[in-house]
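Asker: based on what follows, work out the 3D shape:
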Amino acid sequence: MSSTALRAPAFRLVKGGVTLEPGVCTRRARIGSRTVTDLIDVGRVWDHFADGATIVLQGLHRYWPPVAELCRDLEEDLTHPVQANAYVTPPVAQGLRVHADRHDVFALQTHGSKQWVVYEDDRQPRPDGSGETPSLDARLQPGDCLYIPQGVRHAARTVDRASIHLTLGVRTVTWADVLAPVWRRAVEDPPLQQPLPAGFARDPEALAQEAGRRLKGVAEGLAAADAGEAVARAAREVSVARAPALGGQLHQLLFAGEIGDGTVVRRRPHSACAISRHGDALQVELGDRTLRMPVSAEPALRAGLRRGEFAVADLADHLDEPGRVTLVRRLVREGLLMVVDG
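Answerer: Numbers count the residues shown, from 1 in each chain. Below is the predicted model of the structure:
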């Protein structure tokens, strides 16, 4: 870790279940004409690590390509968002105390070993797990993986060696997430936005009858809602929610102007793309941006995406040469396609 490798938002220290204040391991420095106050002070980090603090590298899926690739692969298989943190714990230490996460967790042991305890019984739990018998008490070795469902209490500690493990958090999409837009539309119905009558609190029986009538109307509206549309919306949001991974994009931008009929391109791995028509325009959503194109580009676009890898000339059945070259150049610049060996 170099002295300029990380800034505090991507980093924290945890000791005995307590997150240390960012100021204990940061320093001020000048970067160009700006002064930053949250640059990691590596010497102070090592001091805290030697004193038993766990180093937590947060959101590792955002800035380390191997972990980003792993998370993208899992996201495509699970169709649930996946995030990653790394935990570097010194010998005979514990970072987080017994706790439960709000998402499913895969703990991947990568270096050293770590002792894990998991509590799954139905008794009234103690916050720290003391006095309870864990349902699982196991030591993970490099290459081992432990799955912990959402809400299950657990903790981990090192024994005689330092440990590094990667936590993959699966932020599952729930039925509530899928149906929430339907519920919002139901309660935003104008009759439900009317104020209660003056003096309503003095006649709760009459109010309850009216509330029951309106609730019945809401239930009928929910029953008539298009479930397929709600599911399609949720699936679409998952497919385009990921920011694109644009490794090597500068080189692609420099090469884009030279693209011609003989250029071979392919879809960028893990790229998000949702295509829909809106009137006389084609809307192409790429995760962090939305493109608008003429509807005439749709057959060529869909044909190229189906092929995976193709020469620009392969789109000749759908667009003339200037049209297909322009389309492919734009999609390379936007990060959906990339030139093969370009």
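Asker: just list the residues touching the spatially closest residue to Y63 that is not a sequence neighbour, thanks.
Answerer: Of all residues not flanking Y63 in the chain, A10 sits nearest, at 6.9 Å (C-beta to C-beta, 6 or more residues apart in numbering). Using the backbone N, CA and C atoms, a C-beta is placed for each residue, glycine as well. If a contact means C-beta atoms under 8 Å, 6 or more residues apart in numbering, then A10 has 57-59, 62-63 as its contacts.
Asker: please apply the same query to S296.
Answerer: Here S296 is in contact with 319, 323 (C-beta under 8 Å, 6+ apart).
Asker: how close does it sit to L327?
Answerer: 10 Å (C-beta to C-beta, to the nearest Å).
Asker: any residues in contact with both of these two?
Answerer: L319.
Asker: R329: neighbour count?
Answerer: 21 (other C-beta atoms under 10 Å).
Asker: ok, it touching I259?
Answerer: Yes. With contact defined as C-beta atoms under 8 Å, R329 reaches I259; the gap is 5.0 Å.
Asker: helices of the stretch 51-200 of the chain, start to end?
Answerer: With helices called from DSSP state H, counting those that start in this stretch, the stretch 51-200 of the chain shows them at 65-78, 175-187.
Asker: for V312, which of those is the nearest?
Answerer: V312 lies closest to helix 65-78 among these, at 26.6 Å (C-beta to C-beta).
Asker: how about that closest one: buried residues?
Answerer: Applying a neighbour-count criterion of 16 or more other C-beta atoms under 10 Å, one finds 67-68, 70-72, 74-75 buried in helix 65-78.
Asker: mind checking the SS state of G247?
Answerer: Secondary structure, DSSP: H, G, I helix; E, B strand; the rest coil: G247 is coil.
Asker: quick one: the longest helix along the chain to chain centroid distance?
Answerer: The longest helix of the chain (DSSP state H) is helix 204-224. Averaging C-alpha positions (C-alpha atoms, centre = their mean, to the nearest Å) puts helix 204-224 38 Å from its chain's average.
Asker: quick check: angle from that helix to helix 175-187?
Answerer: Here helix 204-224 points in a direction 120 degrees away from that of helix 175-187 (axes from the mean of the first three to the mean of the last three C-alpha atoms, to 10 degrees).
Asker: for helix 204-224, which positions count as buried?
Answerer: Result for helix 204-224 [16+ other C-beta under 10 Å]: no buried residues.
Asker: same for that helix, what does it pack against?
Answerer: helix 175-187 (3 or more C-beta pairs under 8 Å, 6 or more residues apart in numbering; DSSP states H and E).
Asker: residues contacting the helix it packs on, please?
Answerer: Under C-beta under 8 Å, 6+ apart, the answer for helix 175-187 is 192, 218, 221-222, 225, 230-231, 233-234.
Asker: can you list the weak-confidence ranges in the protein?
Answerer: Low-confidence segments of the chain, defined by pLDDT under 70: 1-9, 121-131, 240-242, 342.
Asker: can you tell me the closest non-neighbouring residue to L305?
Answerer: Per C-beta to C-beta, 6+ apart, closest to L305 is R267, 6.1 Å.
Asker: could you do R30 as well?
Answerer: Nearest to R30 is V36, by C-beta to C-beta, 6+ apart, at 7.7 Å.
Asker: burial check on the one you found, number of neighbours?
Answerer: 14.
Asker: so is it in a helix, a strand, or just coil?
Answerer: strand.
Asker: dig out what it forms beta bridges with.
Answerer: A29 (DSSP bridges).
Asker: my read: it touches R27, true?
Answerer: No. The pair formed by V36 and R27 falls short of the contact definition of C-beta under 8 Å, at 9.2 Å.
Asker: I'd like the buried residues of helix 65-78 as TSV, with distance to L286 appended.
Answerer: Converted to TSV, the buried residues of helix 65-78 look like this (distance: C-beta to C-beta, whole Å):
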residue	distance to L286
V67	22
A68	17
L70	22
C71	18
R72	15
L74	21
E75	16
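Asker: most neighbours of all the contacts of A10, which one?
Answerer: L57 (20 neighbours).
Asker: nearest residue to that one other than its sequence neighbours?
Answerer: In space, L57 is closest to A86, 4.2 Å off (C-beta to C-beta, 6+ apart).
Asker: list the contacts for that neighbour?
Answerer: Going by C-beta under 8 Å, 6+ apart, the list of residues near A86 reads 56-57, 60, 67, 164-167.
Asker: and R214, by the same measure?
Answerer: By C-beta under 8 Å, 6+ apart, the neighbours of R214 are 191-192.
Asker: the same query, at a cut-off of 10 Å, please.
Answerer: Shown in contact with R214 (C-beta atoms under 10 Å, 6 or more residues apart in numbering): 189, 191-192, 194.
Asker: wait, which of the residues you listed is closest to D320?
Answerer: So of the contacts of R214, ranked by how close each gets to D320 (C-beta to C-beta), first place is D189, at 50.2 Å.
Asker: from E237, how far off is the closest one?
Answerer: For D189, the distance to E237 - C-beta to C-beta - is 24 Å.
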